[in-house]
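In: Sequence first, predicted coordinates after that:
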Amino acid sequence: MIKKLFGLTVLAAAALSSVQAAELTGTLKKVKDTGSITVGYRESSIPFSYLDNTGKPVGYAMELCGKVVDAVKADLKMPDLKVSYAPVTSSNRIPLLENGTIDLECGSTTNSVARQKQVSFGPTYFVINVTAAVKKDSGINDFAQLGGKNIVTTSGTTAVPLLKKYEKTKDMDFKEIYGKDHAESFLLMADGRAAAFVMDDILLAGQIANSKDPSAYKILPGSLRQEPYSMMLRKDDPQFKALVDKTIDGVMKSGEINKIYAKWFTSPIPPKGINLNFPETPAIKEAFAHPNDKGVE
Amino acid sequence: MLGLGIFLEDTPDGDTTWGMSLLSGLEYTLILVVCAWIIAMVLGSVLGVVRTTKSRFWVTLGNAYVELFRNIPLLVQFFIWYFVLPSVIPPLKRFANDVDPGTFQILTAVVCLGLFTAARIAEQVKSGIQSLPRGQTLAGLALGLTPTQTYRYVLLPMAYRIIIPPLTSESMNLVKNSAVAYSIGLTELFFRTREMGEMTFRYFAAFGAATVLYVAVAFSINRIMAWVERASAVPGYMGGSK
């Protein structure tokens, strides 16, 4: 399936460069016809995609999507292309992409094989570990110590089935609690109602950095799984997919990605000037060196 | 062809199918609705009655309760009961930490929904009593009944019959309001529906099934209450003359 997609991509890229899009299809045709492109953003996926203090969507993913939008402008020779932004949530991002409300989703979306049945993904721009945040004074140092304890996670995320699988393979018994969103889940852990909050490491780092006392929490070294994050576009749209891949590959190969990464992950960011202190992990370095759109099982 | 096979497919953790997952959600919804309804009826009746008495204290207290619970959005009330109160009341926090998280969620949801609905039922009971002619109270007292006996044997039997229609609506609202309990992570029907949507992207199938289940429950309540209304009708009084 991925091979086939890759083949299609190469074909489309070749077609795009040689014939210079003689016949526009998919998203590019839609954008050309309507004169506007709509980018889907998340309201609080710090630092990927969120609203700054002026209410403007910003973030690491938004900046990379900006590169794609610039490429669309150049490709269609439409420098005045209207760019609109639409907020999306984890529940409506896929339907809104499919029905054409948004053309590109820029957030913290895991590229999974299951989702690839519905949508396409650009090159991986971040790799997370699903792990747990605990209070430092809890004395918990690894997952094995979590047996029999209350564990909170956010409903609807990929962490939920992962946690259940881990429970079965290790023959452990967690008591799961679900938070409606990450802030709520973190609150339950901070309040002592749950021993650990299981979630993507970068999101945990974001919650900790934003908490009243960041030094009171730590992230466990273990990992339930690695997951690639990527921007989402409509399925079966080879022209647009080729443009997205070419643009992001370019940013990664030129090394520009490291500057963008440093801006969002190891420097103070709006709105509060907090520094996430999250340097590139080996898995992230690998993703930048070999751009790919492989999804996790 | 409709893709209904999704309900027979396993959930990602392989424990159950999506269809069974929705049904287990429905089970929680029903437990929540029944328990909350009992609290709402008992407390709502007491509050409704005291608000029609002559005691300034009880009337003020009853009014304060109703205004407090009617003016705060249900979603906020769930948040207060689940997050705020345990963090400011130490014994409650100890209880929340010790008891099974699922048990604490259902307890919170029952109390929250029960007290919220009680405020609305109190209003209906009060209106029911006040809609009776003043002469009925006076007649009761003139017969030598105590005020309590007057309520018990004269006023309430008629008042409850009068308010059956709004009580029906309120009971159906209770079913619909129970969906807000998803916000504290209670795995009731709406929670399972959202979960199914987010994991399978089959939003139409998930919400379609949830719609059918909610309609079935709410409509059953409607029919039961209609039966109660017929069965309790007093011949010659208020549509009871069939």
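Out: Alright, I've got the coordinates. Residues are numbered from 1 along each chain as shown, chains lettered A, B, ... in the order given.
In: CA atoms for contacts and neighbours, from now on please.
Out: OK.
In: Skipping its backbone neighbours, what lies nearest the spatially most central residue of chain B in space?
Out: What sits nearest the mean C-alpha location of chain B, by CA atoms, centre = their mean, is residue B:174, with 3.7 Å. Nearest residue to residue B:174 in three dimensions, chain neighbours excluded: residue B:33, at 6.6 Å (CA to CA, 6 or more residues apart in numbering or on different chains).
In: Please report the distance of the one you found from residue B:46.
Out: 20 Å (CA to CA, to the nearest Å).
In: out of those two, which sits in the busier spot?
Out: Using other CA atoms under 10 Å in any protein chain shown as the criterion, residue B:33 and residue B:46 rank with residue B:33 on top: 22 against 17.
In: Look up the closest residue to residue B:166, ignoring the ones flanking it.
Out: Spatially, and ignoring its direct neighbours in sequence, residue B:166 is nearest to residue B:124 (7.3 Å; CA to CA, 6+ apart).
In: Am I right that the one you found is in contact with residue B:169?
Out: No. If you go by CA atoms under 8 Å, residue B:124 and residue B:169 don't touch, sitting 11.1 Å apart.
In: The two: which is more packed in?
Out: Shown here are residue B:124 and residue B:169; by other CA under 10 Å, residue B:124 has more neighbours (23 against 14).
In: Who are the contact partners of that one?
Out: In this structure, residue B:124 makes contact with B:48, B:163, B:166-167, judged by CA atoms under 8 Å, 6 or more residues apart in numbering or on different chains.
In: still on that earlier bit, what's the separation between the residue nearest to residue B:174 and residue B:208?
Out: As judged by CA to CA, residue B:33 and residue B:208 stand 21 Å apart.
In: swap in residue B:136?
Out: 50 Å.
In: thought residue A:141 was touching residue A:220?
Out: Yes. In this structure, residue A:141 is within contact of residue A:220 by CA under 8 Å, at 6.3 Å.
In: Look at residue A:257 and say how many residues are nearby.
Out: 19.
In: for residue A:24, same thing?
Out: 17.
In: next one: the one 10 residues further on
Out: Under the neighbour criterion other CA under 10 Å, residue A:34 is assigned a count of 11.
In: starting at the chain centroid, how far to stretch B:153-165?
Out: From the chain centre to the centre of stretch B:153-165 is a distance of 19 Å (CA atoms, centre = their mean, to the nearest Å).
In: Pull out the buried residues from it.
Out: Across stretch B:153-165, burial judged by 16 or more other CA atoms under 10 Å in any protein chain shown covers B:154-156, B:158-164.
In: Checking my notes, residue B:70 in a helix, right?
Out: Yes. With DSSP: H, G, I helix; E, B strand; the rest coil as the criterion, residue B:70 is part of a helix.
In: Report pLDDT for it.
Out: We have a pLDDT of 95 for residue B:70.
In: same question, residue A:8
Out: 55.
In: rewinding a little: and the residue nearest to the centre of chain B, what helix or strand is that in?
Out: Per DSSP states H and E: residue B:174 is located in helix B:164-177.
In: Name the next helix or strand downstream of that helix, please.
Out: helix B:189-200.
In: Now do the buried residues in that next one.
Out: B:189-200.
In: Equivalent analysis for stretch A:183-191, please.
Out: Within stretch A:183-191, the residues that count as buried by 16+ other CA under 10 Å are A:184-191.
In: Residues touching it, excluding its own?
Out: Stretch A:183-191 has contacts (CA under 8 Å, 6+ apart) with A:134-135, A:152-154, A:178-179, A:194-197, A:207, B:83, B:87.
In: Give me the subset of the residues you listed that lies in helices.
Out: The helices, defined by DSSP state H, take in A:207, B:87 from the contacts of stretch A:183-191.
In: of all the contacts of stretch A:183-191, which two lie farthest apart?
Out: Largest separation among those by CA to CA: A:154 and B:87, giving 20.1 Å.
In: more neighbours, those two?
Out: Higher neighbour count among residue A:154 and residue B:87: residue A:154, with 22 against 19, using other CA under 10 Å.
In: Name all residues that make contact with the more buried one.
Out: Residues in contact with residue A:154 (CA under 8 Å, 6+ apart) are A:160, A:178-182, A:185, A:199.
In: again, but for residue A:237
Out: Counting by CA under 8 Å, 6+ apart, residue A:237 touches A:25-27.
In: returning to that earlier point: who has more neighbours out of residue A:141 and residue A:220?
Out: Counting neighbours by other CA under 10 Å for residue A:141 and for residue A:220 shows that residue A:220 has the greater number, 18 against 15.
In: Tell me, how many residues neighbour the residue lying closest to that one once chain neighbours are set aside?
Out: Nearest non-adjacent residue to residue A:220, counting by CA to CA, 6+ apart: residue A:132, 5.5 Å away. Neighbourhood size, residue A:132 [other CA under 10 Å]: 26.
In: And residue B:146, by the same measure?
Out: For residue B:146, the neighbour count with other CA under 10 Å is 12.
In: same deal with residue A:94?
Out: 21.
In: you'd agree it is up against residue B:201?
Out: Yes. Residue A:94 lies in contact with residue B:201 (CA under 8 Å); the separation is 7.5 Å.
In: Can you name the residues of chain A that neighbour chain B?
Out: Neighbours of chain B within chain A, by CA under 8 Å from any CA of the partner chain: A:90-91, A:94-95, A:114, A:150, A:155-158, A:161-162, A:164-165, A:175-180, A:188, A:191-194.
In: still on that earlier bit, looks like the residue nearest to residue A:220 contacts residue A:202 (just checking).
Out: No. Using CA under 8 Å, residue A:132 is not in contact with residue A:202, being 10.7 Å away.
In: Could you check which helix or strand contains the residue nearest to residue B:174?
Out: helix B:18-50.
In: From the contact counts, what lies against that helix?
Out: Under the contact definition 3 or more CA pairs under 8 Å, 6 or more residues apart in numbering or on different chains; DSSP states H and E, helix B:18-50 sits against helix B:56-71, helix B:101-130, helix B:164-177, helix B:189-200.
In: Quick one: closest of those to residue B:221.
Out: Using CA to CA, the nearest of these to residue B:221 is helix B:164-177, at 6.6 Å.
In: between the closest one and helix B:189-200, what angle do the directions make?
Out: Between helix B:164-177 and helix B:189-200, the angle comes out at 30 degrees (axes from the mean of the first three to the mean of the last three CA atoms, to 10 degrees).
In: Show me which positions of helix B:164-177 end up buried.
Out: Neighbour-count burial for helix B:164-177 [16+ other CA under 10 Å]: B:164, B:167-168, B:170-172, B:174-177.
In: give me the low-pLDDT residue ranges for the chain?
Out: Reading this off chain A. Applying pLDDT under 70 to chain A flags residues A:1-22.
In: I was thinking of chain B, sorry if that wasn't clear
Out: Along chain B, the model assigns pLDDT under 70 to residues B:1-2, B:238-242.
In: what residues does it put near chain A?
Out: By CA under 8 Å from any CA, the residues of chain B that approach chain A are B:12-13, B:83, B:87, B:93, B:96-97, B:100-102, B:182-186, B:194-195, B:197-201.
In: go with 6 Å
Out: With CA under 6 Å from any CA of the partner chain as the criterion, chain B comes near chain A at residues B:12-13, B:97, B:183, B:185, B:195, B:198.
In: Could you pick out the buried ones from those residues?
Out: Here, 16+ other CA under 10 Å leaves B:12, B:97, B:183, B:185, B:195, B:198 buried among the residues of chain B next to chain A.
In: Who are the contact partners of the fifth one?
Out: So the one you mean is residue B:195. Applying CA atoms under 6 Å, 6 or more residues apart in numbering or on different chains to residue B:195 gives the contacts residue A:156.
In: at 10 Å instead, please
Out: Applying CA atoms under 10 Å, 6 or more residues apart in numbering or on different chains to residue B:195 gives the contacts A:91, A:155-157, A:160, B:11, B:18, B:21-22, B:187, B:189, B:201, B:203, B:206.
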